[in-house]
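In: Structure here, sequence nowhere to be found:
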Ligand SMILES: NC(=O)c1ccc[n+]([C@@H]2O[C@H](COP(=O)([O-])OP(=O)(O)OC[C@H]3O[C@@H](n4cnc5c(N)ncnc54)[C@H](O)[C@@H]3O)[C@@H](O)[C@H]2O)c1
Ligand SMILES: O=CCCC(=O)O
């Protein structure tokens, strides 16, 4: 059934991408990429279902009088709660392993993007997945908090909660889930550093920065939030970045020239603007800001122009908050020791990126960064095979990869006396 669902998603990819662009505003090209990314989790976990095997264990008893083994069993009905920024992929990254492990599940999508979830469900039912096995429960923001979250969390029948969203909401759900001792996986906010050393390929670093900063207009949990550039290559990096950013095109996601769409709500635009204003007010320099054409501005979308801030210091608001918008904030550093201490000086630990040609440094820095995922000389780290997840306030558990299905399985131990 999962394989059939995968096929239905691919067959309907143009419609799914259009729905995601309509709901979330992302450029259609990115939405098409998200459909393939979303589908990959269904295909991968359809295969992974075949590998959910237990162990046989040697008997510890002197006369070999017992046989011991384990079986993998479904954890039980699952509550899956997802955000709006990847309305298809964040859903399938949970539904795929939940169903593959043999669980039923209830998906509670973000109030901003319920239609993508409902479209996925239609295709799942069409592929033969029973209505009862995968349900979608839509709710507005207040109902999500006050009724849905608490109802699902208080219900003893729900044995697992898998959440992707903000750290604050994740903590609230963990507290609620504790009362019925549910298994909990939390994919939460980030504050990713990009570290560019003076031996790096600067063109490659600029391209990586553009990729991981402007994807979905910066509304990505693994988006680069703090850029640290070694002082001798700082000006070169900034100049090349600004030159590259001049080719970005802001506009309606359905316009084929658009590379940056709107932010999700007017409130999101206000929030990003206030972070930028507060950072400039304490001494950062506004080095570059793209222009938004009158036609685009008058179209009424929630656009924020791609922006570069330099002379940023660690205590400034742009380094302290998850920006969730197209703003590059850059700071200079001198030594490896200094930059590692500054990069780790955050309660978050989702992704980190480093550009260097020194292989020893690759090992030192990737091991020392307090994050769940490291991109070395690349920033496109997301795929169905890599374990996705964070440490510290960025969450617990992993999604995708062989680890992803384990989150939805219990290990039962059987001891047989002969
Ligand atoms: N680590 C990851 O994999 C990952 C992926 C995507 C987004 N995120 C994070 O998500 C955040 C942006 O998404 P958002 O604004 O939709 O987040 P959010 O936390 O406001 O909402 C996420 C989901 O949780 C629901 N929700 C919120 N509070 C709830 C509560 N108390 N009880 C039950 N449900 C509740 C919302 O309705 C929505 O469906 C960012 O912080 C981003 O970094 C993390
Ligand atoms: O926003 C967070 C998820 C993005 C991704 O899976 O690459």
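Out: Yep, that arrived. What you see is a predicted model, and the numbers here were worked out from it, not measured in a lab. Ligands and ions are numbered 1, 2, ... in the order given.
In: For residue 299, which non-adjacent residue is closest in space?
Out: Leaving out its chain neighbours, the residue that sits closest to residue 299 by CB to CB, 6 or more residues apart in numbering is residue 252, at 6.2 Å. Every residue, glycine included, has its C-beta placed from N, CA and C.
In: show me the contacts for the closest residue to ligand 2 within the stretch 151-300 of the chain.
Out: Ranked by CB to the nearest ligand atom, the top residue of the stretch 151-300 of the chain for proximity to ligand 2 is residue 221, at 3.5 Å. Residues in contact with residue 221, defined by CB atoms under 8 Å, 6 or more residues apart in numbering, are 85, 164, 187, 188, 189, 190, 322, 350, 351, 394.
In: returning to that earlier point: regarding the residue nearest to residue 299, what is its secondary structure?
Out: coil (DSSP: H, G, I helix; E, B strand; the rest coil).
In: Next to ligand 1 in this structure, residues from the stretch 1-150 of the chain, please.
Out: 81-85, 90, 108-111, 141, 144-145, 148-149 (CB under 6 Å from any ligand atom).
In: any idea how far the longest helix anywhere in the chain is from the chain center?
Out: When the chain is parsed with DSSP state H, its longest helix is helix 28-48. Relative to the centre of its chain, helix 28-48 is centred 14 Å away, using CA atoms, centre = their mean, to the nearest Å.
In: for the record, mean pLDDT for that helix?
Out: Taken as a whole, helix 28-48 carries a mean pLDDT of 98.
In: how about that helix: buried residues?
Out: In terms of neighbour count (16 or more other CB atoms under 10 Å), helix 28-48 has its buried residues at 28, 30-32, 34-35, 37-46, 48.
In: Repeat that for stretch 121-138.
Out: The neighbour-count check on stretch 121-138 (16+ other CB under 10 Å) flags 121, 123, 124, 127, 129, 133, 134, 136, 137, 138 as buried.
In: for it, how far is the first residue from the last?
Out: Stretch 121-138 has an end-to-end distance of 12 Å (CA to CA, to the nearest Å).
In: re the thing from before, against which helices or strands is the longest helix of the chain packed?
Out: If contacts are counted by 3 or more CB pairs under 8 Å, 6 or more residues apart in numbering; DSSP states H and E, helix 28-48 sits against helix 2-11, helix 13-24, helix 89-100, helix 401-406.
In: Could you rerun that using 6 Å?
Out: helix 2-11, helix 13-24, helix 89-100 (3 or more CB pairs under 6 Å, 6 or more residues apart in numbering; DSSP states H and E).
In: which residues sit against it?
Out: Here helix 28-48 makes contact (CB atoms under 6 Å, 6 or more residues apart in numbering) with 2-3, 5-6, 9-10, 13, 16-17, 20-21, 86, 88-89, 92-93, 96-97, 100, 253-254, 384, 405.
In: Stretch 127-140 too?
Out: 1, 4-5, 8, 104-108, 111, 114, 117-118, 121, 124, 148.
In: And stretch 92-108, by the same measure?
Out: Counting by CB under 6 Å, 6+ apart, 38, 41-42, 45, 48-49, 74, 77-81, 91, 117, 133-137, 148, 162, 399, 404-405, 408-409 sit against stretch 92-108.
In: how far away is the residue most central in space within the chain from ligand 1?
Out: Centroid-nearest residue in the chain, with CA atoms, centre = their mean: residue 221, separated by 4.7 Å. Remark: distance between residue 221 and ligand 1 (CB to the nearest ligand atom, to the nearest Å) = 3 Å.
In: In terms of helices and strands, where is the nearest residue to residue 230 once chain neighbours are set aside?
Out: Leaving out its chain neighbours, the residue that sits closest to residue 230 by CB to CB, 6+ apart is residue 198, at 4.2 Å. Using DSSP states H and E, residue 198 maps to neither a helix nor a strand.
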